[in-house]
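A.B. asks: sequence plus the predicted model coming up.
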Amino acid sequence: MNRPNNSNRATSARTSDDADVSAVEKADVEIGATIAEKRDHPAAKAAAEASEIGDQGPLYVISAGLFIAGLVTRDRRVTMSGISMIAAVGLTDVTKRIAKRLVRRTRPHVFLDSGRYETDAGGSKQKPEQSFPSGHTACSVAAARALSRQFPGPGAAAGVAATAIGISRIAKAAHWPLDVLAGGAIGLASEAITARLVELLNPKINRLLDSFDDLQRSPATRGYYWMKRIVIG
C-alpha cells in the first residue's frame with residue numbers, strides 16, 4: 001500500500017490500489033491517516049504527551065498508590081480499588097504483549113513518512129511494526145473499569161479520559177482506529193476476568209486486610225513506629 005506523492009489527493013487514493021486490503025481495513029487506514037496528518041499541531045502534540053499516563057508503567061504506580069493509601073487510611077474501598085486496578089492492568093499488559101507477538105502491523109507514522117503499510121501474522125520485535133493493538137488504550141480502559149466498580153463517578157471520568165487517550169494515539173500516528181478499538185476490547189475483557197477472580201478471592205483478601213488492620217492497631221506496633229520516629233526522625 002503506497003502513499004501518493006501528491007499530498008492534496010484524497011486519502012482514499014492511498015488505499016484504493018491495494019486489492020489485498022479489505023474494505024474495512026482500507027477505511028481504517030483512510031480515517032487514521034486523515035486524523036494523523038494533524039500530528040504536528042500543538043494540540044495533538046499536547047494530547048500525545050498527556051496520553052502517556054495511560055501506559056502500563058504510570059498505571060501500575062497509580063494503582064499501587066491507591067492500594068497503599070487504602071491500607072494507611074484503612075479505607076477498604078480504596079484498597080480494593082487498588083488491588084482490582086493492579087490485577088486488571090496486569091492481565092491487560094500481558095494480553096496486549098501476546099497480541100503484539102501475533103500480529104505485525106506498521107504504525108501510521110510509517111505510512112505517512114515513507115508510504116509503507118504492511119500487516120501480517122507473526123508479530124515483530126520492531127516498535128514501528130507493533131501498531132496492533134493499542135496498549136495505552138487497553139490498559140487505561142481496564143484501569144477505568146476496575147475503578148468504576150468501587151467508585152462509579154471517578155470511574156466514569158477515568159473512562160472518558162481513556163477514550164481521549166485512545167483518540168490521541170490515533171492523532172499521534174501511533175495507532176490506527178481499529179488498533180484502538182481492539183485495545184479497548186482487550187482492556188474490558190481482561191478487567192472482567194480479573195474482577196471475577198478478585199470476587200472469588202475476596203474472603204481471603206479481606207482476612208489478610210483485617211490482619212493488617214489488627215497489626216496497625218496493636219500497641220506493640222504503635223510503640224515501634226513511635227520509637228522509629230524518635231530515633232530516625
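C.D. replies: Yep, that arrived. Numbering: from 1, shown residues only.
A.B. asks: what about this structure, any weak spots by pLDDT?
C.D. replies: Scanning the chain for pLDDT under 70 picks out 1-20, 216-233.
A.B. asks: show me where it has its strands.
C.D. replies: 103-105, 119-121 (DSSP state E).
A.B. asks: in the last one, what counts as buried?
C.D. replies: The one in question is strand 119-121. By 16 or more other Cβ atoms under 10 Å, the buried positions in strand 119-121 come out as residue 119. Glycine gets a C-beta too; all of them are placed from N, C-alpha and C.
A.B. asks: who touches it?
C.D. replies: With Cβ atoms under 8 Å, 6 or more residues apart in numbering as the test, strand 119-121 has contacts from 25, 102-106, 132.
A.B. asks: so how many other residues sit close to the closest residue to residue 108 other than its chain neighbours?
C.D. replies: Nearest residue to residue 108, sequence neighbours excluded (Cβ to Cβ, 6 or more residues apart in numbering): residue 173, at 4.1 Å. Residue 173: 25 surrounding residues under other Cβ atoms under 10 Å.
A.B. asks: likewise for the one 3 residues further on?
C.D. replies: Number of residues near residue 176 (other Cβ under 10 Å) recorded here: 31.
A.B. asks: which residues does it contact?
C.D. replies: Residues in contact with residue 176 (Cβ under 8 Å, 6+ apart) are 28-29, 32, 105, 108, 131-132, 170.
A.B. asks: next, count neighbours for residue 202.
C.D. replies: Residue 202: 12 neighbours (other Cβ under 10 Å).
A.B. asks: got the buried residues for stretch 156-166?
C.D. replies: Buried-residue list, stretch 156-166, by 16+ other Cβ under 10 Å: 158-159, 161-163, 165-166.
A.B. asks: now swap in stretch 141-160 and tell me
C.D. replies: Within stretch 141-160, the residues that count as buried by 16+ other Cβ under 10 Å are 141-150, 155, 158-159.
A.B. asks: which of those residues fall within helices?
C.D. replies: 141-150, 155, 158-159 (DSSP state H).
A.B. asks: closest to residue 184 out of those?
C.D. replies: Residue 184 lies nearest to residue 141 out of those, by Cβ to Cβ, at 4.9 Å.
A.B. asks: any idea which helix is longest in this protein?
C.D. replies: As assigned by DSSP H, the longest helix anywhere in the chain is helix 177-217.
A.B. asks: report all helices and strands that that one contacts.
C.D. replies: Helix 177-217 is packed against helix 23-36, helix 76-102, helix 135-150, helix 152-171, with contacts defined by 3 or more Cβ pairs under 8 Å, 6 or more residues apart in numbering; DSSP states H and E.
A.B. asks: does residue 118 touch residue 128 like I think?
C.D. replies: No. The criterion here is Cβ atoms under 8 Å, and residue 118 misses it with residue 128 at 10.2 Å.
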